[in-house]
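using only what follows, build the 3D model:
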Amino acid sequence: MAEHHIEVSRNLRYFDNEQPDQPELLIALHGYTQHPKFFQRKFNILDDRAYVVAPEGLHRFYIQGHSGRVGASWMTKEDRLIDIADNMNYLDQLYQRLLTQNYERKTLLGFSQGAATAVRFFCHQPSYFDRLVLWAGSFPPDLDLPSNAEALNQTGIDLVIGDDDEFIKEDHIVELSKIFDAHQIKYRLHRFSGGHDIHSSTLSGLFR
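Model (predicted):
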């Protein structure tokens, strides 16, 4: 049995806060099973500071069973290299579409599963963003850190993790810190009292 790929054109969607004239652009990548419309609302506290855009992952599915709530995913283990390439192309085109003005600062934020996609896109186009925020997510283990260290160190990485996150444990944070230190990657660790979610006051503090 032979496997083949064909390239097609498809329509992808994103949600925003309808504030494109704000001084900052924030592209926020949702986590696994999340719906970008509801994910975008978690950033309402920034409506007077940032143009918040939440793209939808390429894979949409029912969260439970065969009906009901719908969520999305950026990729799975199946055909992952093609999904990564498609994600980069999608986000690149979206970024170009959003540049309707000269923003004072452009931030890329990845939450949970979206963190790995955010890192890949940041390293794919390091000139696009002034800041990378990884919120309750993992660093992609297949990313070659030595060859991407310079790009990542242009801004450093803001790591945001709740003290009671059910998915990100303390040993994971320690291991990630060791990896960054070993490759001299600059990062800033932000902790808050809470779980696997966007914490409003912590978010507001990052966007002062």
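
tell me the helix or strand right after the one helix or strand Glu150 maps to.
In the assignment (DSSP states H and E), Glu150 maps to helix 145-153. Following helix 145-153 in sequence order, the next helix or strand is strand 157-162 (DSSP H and E).

state the paired neighbours of that following strand in the sheet, together with their directions.
In the sheet, strand 157-162 lines up against strand 131-135 (parallel), strand 187-192 (parallel) (DSSP bridges).

give me the element the closest residue to His5 other than its chain neighbours is part of.
The spatially closest residue to His5, leaving aside those adjacent along the chain, is Ile82, at 6.3 Å (Cβ to Cβ, 6 or more residues apart in numbering). All C-beta atoms are positioned from the backbone trio N, CA, C, and that covers glycine. Following DSSP H and E, one finds Ile82 within helix 80-98.

restrict the helix holding Glu150 to CA atoms and write it as PDB.
Taking C-alpha atoms only, helix 145-153 is exported to PDB below (Å, rounded to 0.1, in the frame of the first residue of the first chain):
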ATOM      1  CA  LEU A 145      17.500  24.100  20.100                       C
ATOM      2  CA  PRO A 146      21.100  24.900  19.200                       C
ATOM      3  CA  SER A 147      20.000  26.100  15.700                       C
ATOM      4  CA  ASN A 148      17.000  28.100  17.100                       C
ATOM      5  CA  ALA A 149      18.600  29.500  20.200                       C
ATOM      6  CA  GLU A 150      19.500  32.800  18.500                       C
ATOM      7  CA  ALA A 151      15.900  33.400  17.300                       C
ATOM      8  CA  LEU A 152      14.500  32.500  20.700                       C
ATOM      9  CA  ASN A 153      16.900  34.700  22.600                       C
END
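
buried ones in that helix?
For helix 145-153, burial by neighbour count (16 or more other Cβ atoms under 10 Å) applies to 145, 148, 152.

and Pro179, helix, strand or coil?
Wrong residue type there; residue 179 is Ile, not Pro. For Ile179, the assignment made with DSSP: H, G, I helix; E, B strand; the rest coil gives helix.

so which helix or strand takes in the closest residue to Gly137 other than its chain neighbours?
Nearest residue to Gly137, sequence neighbours excluded (Cβ to Cβ, 6+ apart): Ala115, at 2.3 Å. Assigned by DSSP H and E, Ala115 belongs to helix 113-124.

rewinding a little: average pLDDT across the helix holding Ile82?
What helix 80-98 shows for mean pLDDT is 96.

mind checking how far it is from the chain centre?
Relative to its chain's centre, helix 80-98 lies at 12 Å (Cα atoms, centre = their mean, to the nearest Å).

angle of the helix or strand following that helix against helix 113-124?
Counting by DSSP H and E, the next helix or strand C-terminal to helix 80-98 is strand 105-111. Counting by axes from the mean of the first three to the mean of the last three Cα atoms, to 10 degrees, strand 105-111 lies at 140 degrees to helix 113-124.

tell me what strand 105-111 is packed against?
strand 24-29, helix 113-124, strand 131-135 (3 or more Cβ pairs under 8 Å, 6 or more residues apart in numbering; DSSP states H and E).
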